[in-house]
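Peer 1: pasting a predicted model and its sequence here:
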Amino acid sequence: MTTADWSPAQYRMFADERAQPFHDLLALVDAGAVGRAVDLGCGPGELTVLLADRTGATDVVGLDNSPAMLSSAAEHARRGVRFVEGDLGQWTSGHDHDLVFASASLQWTPDHPAVLARWAAALAPGGQLAVQVPANAYMPSHTVAAEVAHREPFLSAMGGAPPADPVALNVLEPEEYAQLLHDLGFARQHVRLQVYPHVLPSSRDVVQWVRGTTLTRFQRVLEPELFERFVVAYEAELLRQIGDRSPYFFPFRRVLLWGRLAH
Ligand SMILES: C[S@@+](CC[C@H](N)C(=O)[O-])C[C@H]1O[C@@H](n2cnc3c(N)ncnc32)[C@H](O)[C@@H]1O
């Protein structure tokens, strides 16, 4: 086991592409109505500050469980915006938030019906829930990682049981989220599947992209030298399947969901 953590620098490599779904999610929020907000799985913090600015929220907490992300986020703390360590899967509060926001983070935790019920319980009357999750587990960027993880020497190094893809395990269909929002009492809702048409300089850049996200689960359990060998094997298999092309069109499917409770 290594002590590898998220890398804010690696994550920021595609900052514009990663920020677009955040902006689209934020656009769903009724801005004037937000005083107290939480950004669950806030990452390096820049977008949490943007959330505060755009919604006019006066009390915003960014929560994350990565020490590296939190230390980067700490640089963005200011009056009305603070960052705390915590587990978004367990987070809840007592009907006292106007906005519970989570962009590209819910996928890391299981049992979305139970988690969303806890998040909904944190909302005051008229409160809003806004969540965005990737829905791309079927893409080569993800399936190749699982394939290579089942090869030696990686499989044995991971005790014969590589960590599964959280997106494949945890993310529900859009209509299942719509049903959950209905069952949780959201009077209004908007749920959609959106394809982000990223154009990367080359197919090899997919490797840099996933190093900042889905491959982190292997980085946590492999020794650094073996993890680098894993990345080399991943790149070779990925290029075999998607071709070595420049530029590379990288379609990325995501689910955006928003709901607002009645007053
Ligand atoms: C892909 S980043 C998203 C960051 C930011 N929300 C954005 O839109 O760019 C996912 C973040 O979720 C955090 N995270 C993953 N699992 C978590 C958990 N169980 N509790 C709290 N944070 C978690 C990671 O540390 C990481 O910062």
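Peer 2: Thanks, I have the structure now.

Peer 1: which element is the residue in the chain that the ligand sits nearest to on?
Peer 2: Scanning the chain for the residue nearest the ligand gives residue 43, at 2.6 Å (criterion: Cβ to the nearest ligand atom). All C-beta spots, glycine's among them, are computed from the backbone N, C-alpha and C. Assigned by DSSP states H and E, residue 43 belongs to no helix or strand.

Peer 1: correct me if wrong: it contacts residue 64.
Peer 2: Yes - with contact defined as Cβ atoms under 8 Å, residue 43 counts as touching residue 64 (6.5 Å).

Peer 1: flag every residue of the stretch 51-200 of the chain that's near the ligand.
Peer 2: Contact residues, the stretch 51-200 of the chain versus the ligand (Cβ under 6 Å from any ligand atom): 64, 65, 66, 69, 87, 88, 89, 103, 104, 105, 108, 109.

Peer 1: give me the secondary structure label for the spatially closest residue to the second one that is not a sequence neighbour.
Peer 2: Counting by Cβ to Cβ, 6 or more residues apart in numbering, residue 65 lies nearest to residue 87, which is 5.5 Å off, once chain neighbours are set aside. Using DSSP: H, G, I helix; E, B strand; the rest coil as the criterion, the local structure at residue 87 reads coil.

Peer 1: wait, residue 87 sits on residue 64?
Peer 2: No - with contact defined as Cβ under 8 Å, residue 87 does not count as touching residue 64 (9.6 Å).

Peer 1: so what's residue 38 up against?
Peer 2: Contact partners of residue 38, counting by Cβ atoms under 8 Å, 6 or more residues apart in numbering, are 60, 61, 62, 63, 91, 93, 97, 99, 100, 101, 122.

Peer 1: just read off the phi/psi values of it.
Peer 2: The phi and psi values for residue 38, taken as degrees, to the nearest 10, are phi -130, psi 140.

Peer 1: returning to what we had before: make CSV out of the residues of the stretch 51-200 of the chain next to the ligand and add secondary structure and pLDDT.
Peer 2: Shown next, in CSV, are those (DSSP: H, G, I helix; E, B strand; the rest coil; pLDDT from 0 to 100):
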residue, secondary structure, pLDDT
64, strand, 98
65, coil, 97
66, coil, 95
69, helix, 95
87, coil, 98
88, coil, 98
89, coil, 98
103, strand, 98
104, coil, 96
105, coil, 97
108, helix, 94
109, coil, 97
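
Peer 1: just name the closest of the residues you listed to residue 191, please.
Peer 2: Residue 191 lies nearest to residue 103 out of these, by Cβ to Cβ, at 15.0 Å.

Peer 1: quick one, helices of this protein?
Peer 2: Assigned helices in the chain, in chain order: 8-12, 15-26, 46-55, 67-73, 112-121, 140-149, 154-157, 166-170, 174-183, 205-211, 216-219, 224-242 (criterion: DSSP state H).
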